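*Asks:* what's the 3D shape of this:
(chains A and B)
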Amino acid sequence: MGTFLGWSFKRPSNLAKLILFACASVALMVADAHHDRGVHAVRGTILRAGHPLQELAALPFGLVRDGKRDLRLNSRLRQENARLRARVRRLEIRASRLAALRLEVKHLTALLHGSAIPGYRAGLARILDVGSGPFKQNLTLNEGKNDHVFVGQAVIDAHGVVGQVVSVNRDTSEVMLITDPDSGIPVISERNGLRAIVFGTGSLHRVKIPYLTVTADIRPGDVFVSSGLGGIYPPGYPVARVTKVTSNPNLAFLNIRAVPLAHLTYHTHVLLLWPRRHTGARGAHHG
Amino acid sequence: MYCCYGHGGIPGRGARIMDNPLTLQQRLLILLSFVTAMMLAVIPLPDSVRLLRPDWVSLVLVYWCMAVPERIGIGSGWVLGLFLDVLYGSLLGEQALAKALLAFLALHFTLRLRMFPRSQQALAVGTLIAISDLVVIMIKSLVHGTPPLWRDTAPMIANVIVWPVLFTILREVRRRAKIS
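*Replies:* Sure, this is the predicted structure:
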């Protein structure tokens, strides 16, 4: 029994309550299914009341999502960091190499301006054109008569003798490489002073040293330097290194192969040599 | 208060003890448990996990119906269901009807549920919730014309699994708060 405003009444049974609420539910559903405005208002009100709940429910997920994003970002940054670090290291190595190169350039410049080769003054010339064939091996330089280039002038690079000037134009000149079949340079062996002549073969990578008898003391690895005989090339400058010595009993001479030491297929600059006046070498450039 | 069942018969009917009302704090605690359950129910989850999400609200409702049948009953279930309808975006009254029915069933079986060992209790509670879910499924298929799907039974299984744990937690909460 319960009381309500002084009235005594029997509390409804559970079943009665259930039926009551079920009816209410059905009424609500029917109204909702027919898009009743009042029911929509009820829904809106409850939704507004429940909105913070939904927000609250979504909150941890938002946090997790943000955290995941941050972690991803973090790992990406880490990776990028590592990559950049590696790159920095690479660049540092390259930079140090660059420093070495700069040093070398400085050295070469010093060589140029100083008296690297006694009795000669050196001048840098740019290679304009390279002619390479079995019968002709030549370079075209950007220095000519106007630059006091003369026929028979020696041309070298940092590693060895390149060749000699064979024709001079106003602003350009032709250089016959030591690998030209017509080229011959008097040389001596650095090891024992054996005299020889290095001839070109028509290949940029090979020269030959003929007319050495089988008794000549010559071995692979021997370096031949210019002897200065003939007056064209400065004495003591590297020309070729012997790679192979074969002797054929049927022939009187050894078959000697050598490689030019000058970097004929590299770089874009060579050195032109002018004999200094006081040496008296100038003009004596006909072998 | 258990003595009341002796002559009161069915809990919730004439068994309300007017001199032992819940304090505001205790009411808030019960409300909080329902709010938490609703939050768990609407938390966005990936599809695969959502299938196995227990019906938290129903479980909590059953628990409180069992624990304080004089306070939590059909009316509470109905209001709760109304909230759920709005949260789920389902037809207004659909969940309300189901939850009212669930509360009714829970009240009806309270004494027996209390006597059951935990595992049997879990099965029984799961069955009660399944019955109320059946109502929802029937209404849905009536309104939308969609046939019931087997996947709808997945949460029912989850309910049975979760019940013992939830029961333990809520009982602890109830004892701490001295709700009886």
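*Asks:* now the most centrally placed residue in chain B: closest residue in space, sequence neighbours ignored.
*Replies:* Nearest to the mean C-alpha position of chain B, by C-alpha atoms, centre = their mean, lies residue B:61 at 2.6 Å. Nearest residue to residue B:61 in three dimensions, chain neighbours excluded: residue B:77, at 5.6 Å (C-beta to C-beta, 6 or more residues apart in numbering or on different chains). Using the backbone N, CA and C atoms, a C-beta is placed for each residue, glycine as well.
*Asks:* from residue B:115, how far out is the one you found?
*Replies:* Here residue B:77 is placed at a distance of 22 Å from residue B:115 (C-beta to C-beta, to the nearest Å).
*Asks:* same question for residue A:132.
*Replies:* 108 Å.
*Asks:* how about the helices of the chain, start to end?
*Replies:* Since no chain was named, I'll use chain A. For chain A, the helices defined by DSSP state H occupy A:14-33, A:37-113.
*Asks:* switch to chain B, that's the one I care about
*Replies:* B:3-8, B:24-42, B:47-50, B:56-67, B:74-88, B:94-115, B:118-144, B:154-177.
*Asks:* report how many residues lie close to residue A:152.
*Replies:* 17 (other C-beta atoms under 10 Å in any protein chain shown).
*Asks:* list phi and psi for the nearest residue to residue B:137 once chain neighbours are set aside.
*Replies:* In space, and not counting its chain neighbours, residue B:137 is closest to residue B:148: 4.7 Å by C-beta to C-beta, 6+ apart. Dihedral pair for residue B:148: phi -60, psi 150, per degrees, to the nearest 10.
*Asks:* so what's residue B:148 up against?
*Replies:* B:137-138, B:140-141 (C-beta atoms under 8 Å, 6 or more residues apart in numbering or on different chains).
*Asks:* am I right that the residue nearest to residue B:61 is in contact with residue B:102?
*Replies:* Yes: judged on C-beta atoms under 8 Å, residue B:77 makes contact with residue B:102 at a distance of 6.0 Å.
*Asks:* between the two, which one's more packed in?
*Replies:* Taking neighbours as other C-beta under 10 Å, residue B:77 and residue B:102 compare with residue B:77 leading, 33 against 30.
*Asks:* gap between the more buried one and residue B:151?
*Replies:* Residue B:77 is 25 Å from residue B:151, by C-beta to C-beta.
*Asks:* what sits against residue B:114?
*Replies:* residue B:66.
*Asks:* and the pLDDT at it?
*Replies:* pLDDT, residue B:114: 90.
*Asks:* how near is it to residue B:148?
*Replies:* Applying C-beta to C-beta to residue B:114 and residue B:148 gives a distance of 32 Å.
*Asks:* repeat for residue A:21
*Replies:* 24 Å.
*Asks:* do residue A:236 as well
*Replies:* Taken as C-beta to C-beta, the span from residue A:236 to residue B:148 is 104 Å.
*Asks:* which parts of chain A sit against chain B?
*Replies:* A:1-2, A:11, A:13-15, A:17-18, A:21-22, A:24-29, A:31-33, A:39, A:42-43, A:46-47, A:50, A:53-54, A:56-58, A:60-61 (C-beta under 8 Å from any C-beta of the partner chain).
*Asks:* 6 Å instead, please
*Replies:* A:11, A:13-14, A:17-18, A:21-22, A:25, A:28-29, A:32, A:39, A:43, A:46-47, A:50, A:53-54, A:56-57, A:61 (C-beta under 6 Å from any C-beta of the partner chain).
*Asks:* name the residues of chain B found near chain A, please.
*Replies:* Going by C-beta under 6 Å from any C-beta, the residues of chain B near chain A are B:12-14, B:39, B:42-44, B:74, B:78, B:86-87, B:91-93, B:96-97, B:100, B:104, B:107.
*Asks:* need the buried ones from these selected in PyMOL.
*Replies:* To isolate the buried subset of the residues of chain B next to chain A in PyMOL, counting by 16 or more other C-beta atoms under 10 Å in any protein chain shown, use the following:
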select buried, chain B and resi 12+13+14+39+42+43+74+78+86+87+91+92+93+96+97+100+104+107
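*Asks:* so between residue A:132 and residue B:115, which is more surrounded?
*Replies:* With neighbours defined as other C-beta under 10 Å, residue A:132 and residue B:115 compare such that residue A:132 has more, 16 against 9.
*Asks:* and the more buried one, what are its bridge partners?
*Replies:* Counting by DSSP bridges, residue A:132 is bridged to residue A:137.
*Asks:* quick check, pLDDT for it.
*Replies:* 80.
*Asks:* returning to what we had before: for the residue nearest to residue B:61, list the residues it contacts.
*Replies:* B:61, B:99-100, B:102-103 (C-beta atoms under 6 Å, 6 or more residues apart in numbering or on different chains).
*Asks:* so the residue sitting furthest away from the middle of chain B versus chain A, what's the distance?
*Replies:* Largest separation from the mean C-alpha position in chain B: residue B:145, at 27.2 Å (C-alpha atoms, centre = their mean). As defined by C-beta to the nearest C-beta, to the nearest Å, residue B:145 lies at a distance of 13 Å from chain A.
*Asks:* quick one: contacts for residue A:156?
*Replies:* Contacts of residue A:156 by C-beta under 6 Å, 6+ apart are A:162, A:271.
*Asks:* now it, which residues is it bridged with?
*Replies:* residue A:161, residue A:271.
*Asks:* list the contacts of the residue in the stretch 51-200 of chain A that chain B sits nearest to.
*Replies:* Nearest residue of the stretch 51-200 of chain A to chain B: residue A:57, at 4.2 Å (C-beta to the nearest C-beta). Residue A:57 is in contact with B:39, B:42-43, counting by C-beta under 6 Å, 6+ apart.
*Asks:* quick one: least confident helix or strand in chain B?
*Replies:* Across the helices and strands of chain B, mean pLDDT, DSSP states H and E gives its lowest value to helix B:3-8, namely a mean of 41.
*Asks:* outline the domain layout of chain A.
*Replies:* Residue ranges for the domains of chain A, per automatic domain parsing: A:7-113, A:120-279.
*Asks:* ranking those domains by mean pLDDT, which is last?
*Replies:* domain A:7-113 (a mean of 82).
*Asks:* roughly how far is it from the heart of the chain?
*Replies:* Chain-centre distance of domain A:7-113: 45 Å, with C-alpha atoms, centre = their mean, to the nearest Å.
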